[in-house]
Structure formats: structure tokens, C-alpha cells
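Engineer: Pasting the sequence and the predicted coordinates here, then a few questions.
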Amino acid sequence: MCAQMLHVAISSAAGLAMLLLVTFFPVLVRLGVSKAAAASMIGLCAFMDLGPAVGTANLAAKHAGMETAIYFAHYQMPVAVAVMLVVSILVFFTAKYYDKKDGHVVVVQDVTKVENAEEERVPTFYALLPIFPVALVLIFSPLIIDTIKIDVVTAMILGTMTAFLCELLVKRDFRACCKGVQVFFKGMGSMFTSIVSLLVCADIYAQGMQKIGAIDYLLVSVQNAGFGFVSMTILMTLLVGVTAVLTGSGVAAFFSFSGMAPSIASKFGQEAVHMILPMQLMAGMGRSISPVAGIIIAVSKAGECSPFMIVRRTLIPAIGGIITIATG
């Protein structure tokens, strides 16, 4: 649950998993948790793409015709709280069941703290820097201060510059700080090559489906079968989930089908957000049970087991989360 909330500030699922593998994973193992159980917990650290900094949430808000902060606070969070509670409970009992089945014996390790003279220390307030951009987006929005608007891109740049100034004040080495901030821009450039391509392909796909009449045919078939908007929402959500499982990418899955949601919802006389929200949350769920997802492969190596062993442990909590989303 705490890891999922960290995902609000650390928008990359793989990046968050790497952080938890080097910090939280050793703590769990030393407390007696099996490596497979600890790895599967980290594999579920981003089972929902929450927060205004997440790419799928931004696209969902755009298709829903609302501010990202409003989408996060008024639509994502009420559903996410219930989903996090259900998934947290199921993670505990699933881990307990499979550990017992695998014959795991709990052994708590004694740890003696060793001071490392070469360890680089940083100020405690550095922990607040990742949530600074998120705070800017939420504060300068219709939620709190509606006279000033700060979008996600502006907030990220301001957060980066703030971190750069803090690092400069602490290290007092301008050249070293410039090298450090280059990592941000290099990472942004590498992500552009994939994200922009996905956006273009997804838009072409959605427009093509509409032009050939596939969406109208699907709607007529659903209506003739006696189904309504709820059934169509479930169908679109399942399409996103299956695609995420097969590809291992929640972003690719959601980007592929999200463009069709507004037109489908309008045909039923419904708001697009009611279809977009479960589709967007399902993208993360599908990724967490995909054996080819980068995050699952990474944690499986730490857990010294196959990705399928991790998916076996994440499947039940994910199904519980999916049911909660559907009933929410």
C-alpha cells in the first residue's frame, strides 16, 4: 500500500521497483520473508497507475476532458483506496499460502549496522523532492488555487531545477551538478522515442477503427445483443487488460484503446471518464500479472525464481483488485 502511494511521486513502475529492490527487499528478507514473497510484493508496487505524473493518467484525463488533478483526486483516489485495501489483504494471505506450500521456514536475521566511511550522506529534506512536482500540480489546480495553473511538464521542470539548486547548495560543485542533471534530460529523451511513437500509433489506430466503421459495428452488435454501456465498458477494460498481459506494457495497452472510449461513451450518452477510469487502472493490473513485463522479470531475478512463479503470487491479489474496480 505504501509502495503504491510512492508510485504517485515515482511515475515509472520499473524505476520504483529498482528503488525498492535495493532498499525494501533486503529488509523484508532479513525479517524472515521469503525472497519470492518479497519479490512479488515489489512486483505489485505499481499495480495501479496513480497520480498526475503518470502518463496514462494524463492521457485519460485528456480523453475525459478534465484537469489531471481533478481526475486524480475525484475519480482515481476514491476507487484506489478500496483497491489498495483489498490487494494488501490478498497479498498477505497469498504469500502466506505459497510460502507454506513451498516449505519456507521463517528465520529472522540479526543485523549489525556497519558504518561506511565512504557512504555519501544527503540532507533529509531530499526525500521531499520527488513529491514536489506532484504537490505543484495539485495545489495550482481547481482543487486549491484555480487562479494559477501549473501543468505536469512545467511542474517536472520546476522540480528538476529545484533539485539542481539544492544539490548545488549542498555540494558546491557546479560541474558535478550539471552532470547529474544530464541524467534527467537523457532519460526524458530516451522516453520520447517510445512514448511519442506510441501516441502516434495509438491515434492512427483509433482513427482507423472509426473510419472503417469498426466501432459503430461493435456498438450495434452490443446493442442488438441487449447489452448496454456497462457491458461495453467491461469489454473495453478486458481488451486493455489482455493486451497488457500479452505485451507486458500497461502504457502500450491503454494508449491503443483509450482513443476509442470518448466516441463509444458519447454514443451511449455517458461521460467518457466512466469508461476511461477502469480501462486506465486495468492497464497497471495487467502489467502486474504479465510474465514478460519488465518489472516482473526484474523482481524475479531478485527473488531467484522464474517470472511465472512471481505471477502465480500476484495473480490472486490482482484479480481481487480487478473485481474491486469493476464493482466500484
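Structural biologist: Structure received.
Engineer: Can you report how many residues lie near Gly15?
Structural biologist: 14 (other CB atoms under 10 Å). C-beta: built from backbone N, CA, C; applies to glycine.
Engineer: Also Val81?
Structural biologist: Neighbour tally, Val81, other CB under 10 Å: 12.
Engineer: so which strand or helix has it?
Structural biologist: Element membership of Val81, judged by DSSP states H and E, is helix 77-101.
Engineer: Can you name every helix or strand that that helix contacts?
Structural biologist: helix 2-9, helix 35-43, helix 273-288, helix 307-327 (3 or more CB pairs under 8 Å, 6 or more residues apart in numbering; DSSP states H and E).
Engineer: buried residues in the longest one?
Structural biologist: For helix 307-327, burial by neighbour count (16 or more other CB atoms under 10 Å) applies to 307, 309-314, 316-318, 320-322, 324-325.
Engineer: Quick check: of those residues, which lies closest to Ile276?
Structural biologist: Comparing these against Ile276 with CB to CB places Ile325 closest, at 12.4 Å.
Engineer: List the residues that contact that closest one.
Structural biologist: By CB atoms under 8 Å, 6 or more residues apart in numbering, the contact set of Ile325 is 79, 83, 237, 278, 281-282, 285.
Engineer: can I get these in TSV with distance to Gly187, neighbour count and pLDDT?
Structural biologist: Output for the contacts of Ile325, formatted as TSV (distance: CB to CB, whole Å; neighbours: other CB atoms under 10 Å; pLDDT from 0 to 100):
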residue	distance to Gly187	neighbour count	pLDDT
Val79	30	19	91
Val83	29	24	91
Thr237	31	26	90
Pro278	30	22	92
Leu281	25	32	92
Met282	27	29	92
Met285	26	29	90
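Engineer: where does the stretch 151-300 of the chain have low pLDDT?
Structural biologist: Within the stretch 151-300 of the chain, the ranges that satisfy pLDDT under 70 run 191-199, 202-203, 205-206, 209-210, 215, 218-219, 222-223, 226.
Engineer: and the gap between the most centrally placed residue in the chain and Leu129?
Structural biologist: Nearest residue to the geometric centre of the chain (CA atoms, centre = their mean): Asp49, 2.8 Å. Taking CB to CB, to the nearest Å as the measure, Asp49 falls 21 Å from Leu129.
Engineer: Thanks again, I'm all set now.
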